[in-house]
Every structure is written in C-alpha cells, then in structure tokens.
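Give me a 3D structure for the following:
(one chain, ligands or ions: 1)
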Amino acid sequence: MSDQSLESRKAFAASYFSKCVKCGSEDLKEVKKTEGCRHNGDAYGYTVFTCTSCQWCTRFEWDEDGDLYYYEVPNLKLYSAK
Ligand SMILES: [Zn+2]
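Got it, this is the predicted structure:
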C-alpha cells in the first residue's frame, strides 16, 4: 500500500528520494513502471520507492518529455519551503 500523503512525499522529495520517511533507512528499492509512450518517443509512467527495512512505500510520476523528470516535485518543494 503506497503512502501518497503530501506530508510524506514532501519529506521524501526533500531527501532526494533517498531516505525512508518512516524509519530513516536509506536502503530503498526503486521500481520504474512505464505507462505509455507518445508519438515523439517520450515515455511516461511512475516509480515506486519501497523501503527494504519497514516496507514503507510511495510513488512518483515521471515524464521524459517534461523539463523535470519527476514533475510533481517542484510543487512539493514549494510546499516544504515554508
Ligand atoms: Zn523504512
């Protein structure tokens, strides 16, 4: 069951996707899923990050066509800036 709460994802993005927000472990497994491909060849999908210690997990959407690979992150960073 993935944790999609804003609070958790803000914290996870702030650690550059490297630290479990639940137990603090830096041992995370990344699984990339491709959902589709556009006519120009750019793919899009999401990545599931799972902590190997406590099984906490979350997912972030990505897009090869965007300026930012994990395009949800700028908004999340804005939220965490206050
Ligand atoms: Zn963990």
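
Identify the residue nearest the residue nearest to the spatial centre of the chain in space, chain neighbours excluded?
What sits nearest the mean C-alpha location of the chain, by C-alpha atoms, centre = their mean, is residue 60, with 3.2 Å. Sequence neighbours aside, residue 70 is the residue nearest to residue 60 in space, at 5.0 Å (criterion: C-beta to C-beta, 6 or more residues apart in numbering). Every residue, glycine included, has its C-beta placed from N, CA and C.

got a list of what that neighbour touches?
Applying C-beta atoms under 8 Å, 6 or more residues apart in numbering, we find residue 70 in contact with 13, 17, 47, 60-62.

of all the residues in the protein, which ones are close to the ion?
The chain comes close to the ion at residues 20, 22-23, 25, 51, 53-54, 56, as judged by C-beta under 5 Å from the ion.

looking at those, which has the most residues close by?
Neighbour counts for these, by other C-beta atoms under 10 Å, peak at residue 20, which reaches 24 neighbours.

Please, which helix or strand holds the residue sitting furthest away from the middle of the chain?
Distance to the chain centre peaks in the chain at residue 39, reaching 25.0 Å (criterion: C-alpha atoms, centre = their mean). Using DSSP states H and E, residue 39 falls within no helix or strand.

try the one 5 residues further on
Using DSSP H and E, the secondary-structure element containing residue 44 is strand 43-51.

Let me see the mean pLDDT of that strand.
Mean pLDDT, strand 43-51: 96.

buried ones in the helix or strand just after it?
Downstream of strand 43-51, the next assigned helix or strand under DSSP H and E is strand 57-63. Using 16 or more other C-beta atoms under 10 Å as the test for burial, strand 57-63 gives 57-60, 62-63.

and which of those is nearest the ion?
Closest to the ion out of these is residue 57 (9.0 Å), distances taken as C-beta to the ion.

show me what contacts that closest one?
By C-beta under 8 Å, 6+ apart, the residues touching residue 57 are 1-3, 48-51.
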